[in-house]
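Undergrad: sequence and computational prediction follow.
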Amino acid sequence: LHNKYTLSSWHSNIIGPEGEEQKLHLDSAVPEPIPPWIIRANINFILEEYNKDNGSTICIPGSHKFLRKPTELDNKKYMKKFKKMIAPKGSMVIWSGHLWHKSGQNNTNKERVALLACFAASHLIEMALEENHPLIIDKDNQKYFSDDLKKLLILNHGIKQGAKIKSNYFKI
């Protein structure tokens, strides 16, 4: 009866030449303990290859099952379990927002660019929404969107059936 997941953000991840690595994190903005169901799903569209030198995403395989946020101690504790996502240009990498990950350090003299799409569980959209699409997408452009795209972007979120019906009881 509803979309289980909606697009919560669509953005780029650009790591400049000699860019520093990120802090280890997960992409679920809820308090601990993290629930066992998927709150967010991430998709990386690899526009330039992810290699061992250019800041490819680093993760700890299996960490999505820990159901908690990583700490500074975890960064040291799991250092030997870090895995770099090595992928050719044109690849797509999909993972749960519970997975502990970070962008690696870019040790090259070129930018590393990826497109990231994040989908949030629709019942937690207020907690997981990074971009408020109804506010950032121009109304003139929205009228050309298909109903499916409008649902994906939650352009009618919070509007109940009948909410837009004009009443004779109220005059503006």
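TA: Perfect, thanks for sending it. Numbering: from 1, shown residues only.
Undergrad: centroid-nearest residue for the protein?
TA: Taking C-alpha atoms, centre = their mean, the centroid of the chain lies closest to residue 118, which sits 2.8 Å from it.
Undergrad: what's the closest non-adjacent residue to it?
TA: residue 9 (4.5 Å; C-beta to C-beta, 6 or more residues apart in numbering). Placement of C-beta: from N, CA and C, glycine included.
Undergrad: the one you found contacts residue 117, doesn't it?
TA: Yes. Using C-beta atoms under 8 Å, residue 9 is in contact with residue 117, at 7.4 Å.
Undergrad: next one: the residue nearest to residue 118 from residue 42, what distance?
TA: Here residue 9 is placed at a distance of 10 Å from residue 42 (C-beta to C-beta, to the nearest Å).
Undergrad: which of the helices and strands in this structure ranks last by mean pLDDT?
TA: helix 125-128 (a mean of 67; mean pLDDT, DSSP states H and E).
Undergrad: how far away from the center of its chain is the helix or strand that that one is followed by?
TA: Sequence order places helix 133-136 as the next helix or strand after helix 125-128, per DSSP states H and E. Counting by C-alpha atoms, centre = their mean, to the nearest Å, helix 133-136 is centred 17 Å from the centre of its parent chain.
Undergrad: right, and the helix or strand after helix 133-136?
TA: Next helix or strand after helix 133-136 toward the C-terminus (DSSP H and E): helix 139-142.
Undergrad: in three-state terms, label the residue nearest to the centre of the chain for me.
TA: Using DSSP: H, G, I helix; E, B strand; the rest coil, the structure places residue 118 in strand.
Undergrad: what is it paired to in the beta sheet?
TA: Under DSSP bridges, the beta-bridge partners of residue 118 are residue 9, residue 42.
Undergrad: what do you get for residue 14?
TA: Beta-bridge partners recorded for residue 14 (DSSP bridges): residue 113.
Undergrad: pretty sure it contacts residue 115?
TA: No. The criterion here is C-beta under 8 Å, and residue 14 misses it with residue 115 at 10.2 Å.
Undergrad: got the buried residues for stretch 141-154?
TA: By neighbour count with 16 or more other C-beta atoms under 10 Å, stretch 141-154 contains the buried residues 150-154.
Undergrad: show the average pLDDT along that stretch.
TA: Mean pLDDT, computed over stretch 141-154, is 84.
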